[in-house]
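**Q** test case, fold it:
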Amino acid sequence: MQNKVLILAALLFTGCGPDRVTEYSCHGTFVTRVDKGATSQFFYGTYAQASGQPAVVETHYPGFDGLMDAYLTFKGKQVEIQPAGGYFETKTPHKNLSITDRDNSVFPDWLDSIRSDMSHTVYLAANLEYETKRNQQYRSGVKATTVQVGFLSSF
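**A** Sure thing, here's the model as predicted:
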C-alpha cells in the first residue's frame, strides 16, 4: 500500500500522466497536441495528418510546479500560441502555426480583450481537466477532442 501511495505522489509532483492526443479545431482548421509525460508537442493539422511529422512547437513542464499554460487562437487558417506560463519553443517553423510572445506590458490588456470573446481561442494547460473547466467558464468556441489515450508509438 505504501508503494502505491509513493508512486501516485511521484506522478502528481512530476506532472507525468498518460500519453494523450488532443485535437483542437475551429471552422475547419486543426491543431493537434501530443502529450508524453511532461512534454507537449503541437502540430498543424489533424492527428492523422500530423502522424510521423516533426513537431512545430514544443513545451516541457517537468518538476514540482509542472507549469504550462497558453492560449491557442485561430485566425482563419493561421493559428497562434500565446504562452502565459512555461517555455515554448519552435521546433519546425510552419507558416500556419506560430508562437506569439506579447510583451508583459501589453499581455494583460490582450488577455482582457479576448476573454470577452473566446469564440476563436482556447486556453491550454498542463492539466487537461483544469483546461476543460477554464474553457467552459470562458465559453471557448474551439472544440477540443481527445482522440487517443495510452502509449503513443506513432510519434
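**Q** what is the burial count for Trp110?
**A** 15 (other CB atoms under 10 Å). (Each C-beta comes from the backbone N, C-alpha and C, glycine too.)
**Q** isn't it right next to Gln82, touching?
**A** Yes: counting by CB atoms under 8 Å, Trp110 does reach Gln82; the two are 7.5 Å apart.
**Q** overlap of the contact sets of the two?
**A** Common neighbours of Trp110 and Gln82, using CB atoms under 8 Å, 6 or more residues apart in numbering, are Arg102.
**Q** where does this protein dip in pLDDT?
**A** The model of the chain has pLDDT under 70 over residues 1-18, 64-65, 150-155.
**Q** need the helices for it, in chain order.
**A** Counting by DSSP state H, the chain has helices at residues 2-14, 47-50, 107-115, 128-138.
**Q** list the buried residues in stretch 48-59.
**A** Within stretch 48-59, the residues that count as buried by 16 or more other CB atoms under 10 Å are 50, 55-59.
**Q** what sits closest to the residue nearest the centre of the chain if chain neighbours are left out?
**A** In the chain, the residue lying closest to the centroid (CA atoms, centre = their mean) is Leu124, at 4.4 Å. In this structure, Leu124 finds its nearest non-sequential neighbour in Ala70, 4.6 Å apart by CB to CB, 6 or more residues apart in numbering.
**Q** let's see stretch 41-53 as CSV, backbone CA atoms only.
**A** Taking C-alpha atoms only, stretch 41-53 is exported to CSV below (Å, rounded to 0.1, in the frame of the first residue of the first chain):
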residue,chain,number,x,y,z
GLN,A,41,4.1,18.9,-28.8
PHE,A,42,1.9,20.9,-31.2
PHE,A,43,1.3,20.0,-34.9
TYR,A,44,-0.7,21.8,-37.5
GLY,A,45,-3.5,19.6,-38.8
THR,A,46,-5.4,16.6,-37.6
TYR,A,47,-3.9,13.7,-35.7
ALA,A,48,-3.9,11.6,-38.9
GLN,A,49,-2.1,14.4,-40.8
ALA,A,50,0.4,15.0,-38.0
SER,A,51,1.4,11.4,-37.5
GLY,A,52,5.1,11.0,-38.4
GLN,A,53,5.6,14.7,-38.9
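**Q** no further queries at this time; thank you.
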